[in-house]
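Enquirer: Provided below for reference: sequence and predicted model.
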Amino acid sequence: MMKRQLRRNSEMEALVRQGLVVDAQRGAANAWVYMAAQGVPRNVITRVLTAPDNRRDGDRFAVEAKQFPAPAVRIRAPRHAH
């Protein structure tokens with residue numbers, strides 16, 4: 001289910017998104033500890049960790065981007081004509 005509400009607090013938005021990345025990479029317990037230490041309210045932590053289907057699209061995209069980072073691009077030095 002897509003959520004379209006705008007968050008009023010961009011700092012809280014960033015903390016929650018980072019917490020969701022921690023959840024994807026290291027598990028819900030670590031995400032809980034991270035968000036709680038950052039001052040995210042308990043009810044928000046519970047909601048975002050227990051109802052992934054209700055996450056905002058931007059949160060899902062952020063988590064997916066961190067789980068599957070873009071591949072490294074190798075840049076070759078130009079060949080010089082001799």
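Expert: Arrived safely. Numbers count the residues shown, from 1 in each chain.

Enquirer: contact partners for residue 42?
Expert: For residue 42, the contacting residues are residue 36, by CB atoms under 8 Å, 6 or more residues apart in numbering. From N, CA and C alone the C-beta is placed, and that goes for glycine too.

Enquirer: do you know how far it is from residue 25?
Expert: From residue 42 across to residue 25, the span is 22 Å (CB to CB, to the nearest Å).

Enquirer: where does pLDDT dip in the chain?
Expert: Within the chain, the ranges that satisfy pLDDT under 70 run 1-8, 67-82.

Enquirer: mind jotting down where the helices sit in it?
Expert: All helices of the chain, identified by DSSP state H, fall at 10-26, 28-37, 42-50, 57-67.

Enquirer: the last one to helix 42-50, inter-axis angle?
Expert: What it means is helix 57-67. On the basis of axes from the mean of the first three to the mean of the last three CA atoms, to 10 degrees, helix 57-67 is oriented at 60 degrees to helix 42-50.

Enquirer: the inter-axis angle of helix 57-67 versus helix 10-26?
Expert: If you take the same axes, to 10 degrees, helix 57-67 sits at 40 degrees to helix 10-26.

Enquirer: quick one: contacts for the closest residue to residue 31 other than its chain neighbours?
Expert: Once flanking residues are discounted, residue 31 sits nearest to residue 23: 3.6 Å by CB to CB, 6 or more residues apart in numbering. Counting by CB under 8 Å, 6+ apart, residue 23 touches 30, 31, 49, 63.
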